[in-house]
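# Attaching a predicted model along with its sequence, questions to come.
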Amino acid sequence: MRKIKQVSEFQIFDNLEELEEIEKKLIQISIEAAKKAYAPYSNFRVGAAVLLENGEILSGNNQENASYPVGICAERTLLSYANANFPNQKKIKLAISVLDSDQTVSPCGLCRQTLLEYETSQNQPIEIFLHNRKGKVLVIPTAASLLPLYFDKESLIN
């Protein structure tokens, strides 16, 4: 029987100054990535940055398409690139910045499932930092807490 995980603990910071230097840097890189997003239809620019266990930081952004289902979110753009090019590096921290909203914006369902896949495959949590235009940061300790009734490889076992 699987234990259901829920977001029960998270931290909220009113600005970046309250974070550690590596976390500030990660968020700054995600902001820069968001500025380069291709979002001509929604005008909703999202950037993401991931800290790998070797200390390298990679970034990505959302890429829209006139055929809406063809677009890809910043998180999946980044995680796919990271895993394709650094398959043996664990993903330690992930920052997601939204430039066009004052609200705290959380990853969509597809991105939550993707985050969870990488988290479970590496047997180590991925700490998530959600950053909005006002500078507020919500820190979530693990991707699994974003998707309590998640689907994983154990779900495929008969």
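In hand now; what should we look at?

# can you give me the strands in this protein?
11-13, 46-52, 57-61, 91-98, 127-131, 137-140 (DSSP state E).

# Could I get those in a markdown table, plus columns for mean neighbour count?
From N, CA and C alone the C-beta is placed, and that goes for glycine too. Listed next are these as a markdown table, based on neighbours: other C-beta atoms under 10 Å:
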| stretch | mean neighbour count |
| --- | --- |
| strand 11-13 | 13 |
| strand 46-52 | 26 |
| strand 57-61 | 22 |
| strand 91-98 | 25 |
| strand 127-131 | 24 |
| strand 137-140 | 20 |
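
# export the ones you listed to CSV and tack on distance to L19 and mean pLDDT?
Formatted as CSV, the strands of the chain follow (distance: least, C-beta to C-beta, whole Å; pLDDT from 0 to 100):
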stretch, distance to L19, mean pLDDT
strand 11-13, 6, 94
strand 46-52, 13, 98
strand 57-61, 15, 98
strand 91-98, 10, 98
strand 127-131, 8, 97
strand 137-140, 7, 96
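
# which stretches of the chain have low pLDDT?
In the prediction, the chain carries residues with pLDDT under 70 at positions 1-8, 158.

# re the thing from before, turn the strands of the chain into JSON lines, including distance to P107.
As requested, those are arranged in JSON lines below (distance: least, C-beta to C-beta, whole Å):
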{"stretch": "strand 11-13", "distance to P107": "17"}
{"stretch": "strand 46-52", "distance to P107": "9"}
{"stretch": "strand 57-61", "distance to P107": "13"}
{"stretch": "strand 91-98", "distance to P107": "7"}
{"stretch": "strand 127-131", "distance to P107": "8"}
{"stretch": "strand 137-140", "distance to P107": "10"}
